[in-house]
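> Could you work out the structure for the sequence below:
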Amino acid sequence: MTEHPNNPLQGMTLEAILTILVERHGWETLAQGIKVRCFTSNPSINSSLTFLRKTDWARQKVEAWYLYDLRNGIK
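Numbering: from 1, shown residues only. As a prediction, this is how the structure comes out:
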């Protein structure tokens, strides 16, 4: 596997990214920003991971939100 030192997602699992976003913003804010039912209807990390692993566009939005937070120093 090739190392990508400039890729902030390198070594981050989808679970870790989602957990960080939920801790920072909460489910309600995530649901407002990314319109998917797994964030609005009885949200959980496990149900969201199942959906995000199968749905590329939604996973990309979650990753983009995480990268946005990193670039803007949101903690």
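> can we go C-alpha only for contacts and neighbour counts from here?
Noted.
> Check which helices and strands the helix or strand where residue 31 lies sits against.
If you go by DSSP states H and E, residue 31 is part of helix 14-33. With contacts taken as 3 or more C-alpha pairs under 8 Å, 6 or more residues apart in numbering; DSSP states H and E, helix 14-33 sits against helix 37-40, helix 45-54, helix 56-71.
> what's the angle between it and helix 45-54?
90 degrees (axes from the mean of the first three to the mean of the last three C-alpha atoms, to 10 degrees).
> Identify the residues contacting helix 14-33?
37, 39, 40, 43, 45, 49, 62, 63, 66, 75 (C-alpha atoms under 8 Å, 6 or more residues apart in numbering).
> Apply 10 Å and report the result again.
Contacting residues not belonging to helix 14-33 are listed as 9, 13, 34, 36-46, 48-49, 52-53, 59, 61-63, 65-67, 69, 74-75 [C-alpha atoms under 10 Å, 6 or more residues apart in numbering].
> For the residue positioned nearest the centre of the chain, which non-adjacent residue is spatially closest?
Centrality entry for the chain: nearest residue to the mean C-alpha point is residue 62, 3.4 Å, by C-alpha atoms, centre = their mean. Of all residues beyond its chain neighbours, the one nearest residue 62 is residue 18 (7.3 Å), with distances taken as C-alpha to C-alpha, 6 or more residues apart in numbering.
> Next one, pLDDT for that neighbour please.
pLDDT for residue 18: 97.
> How many residues are close by it?
21 (other C-alpha atoms under 10 Å).
> quick revisit: export the helices and strands packed on helix 14-33 to CSV and tack on mean pLDDT and distance to residue 30?
Formatted as CSV, those follow (pLDDT from 0 to 100; distance: least, C-alpha to C-alpha, whole Å):
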stretch, mean pLDDT, distance to residue 30
helix 37-40, 95, 7
helix 45-54, 96, 11
helix 56-71, 95, 9
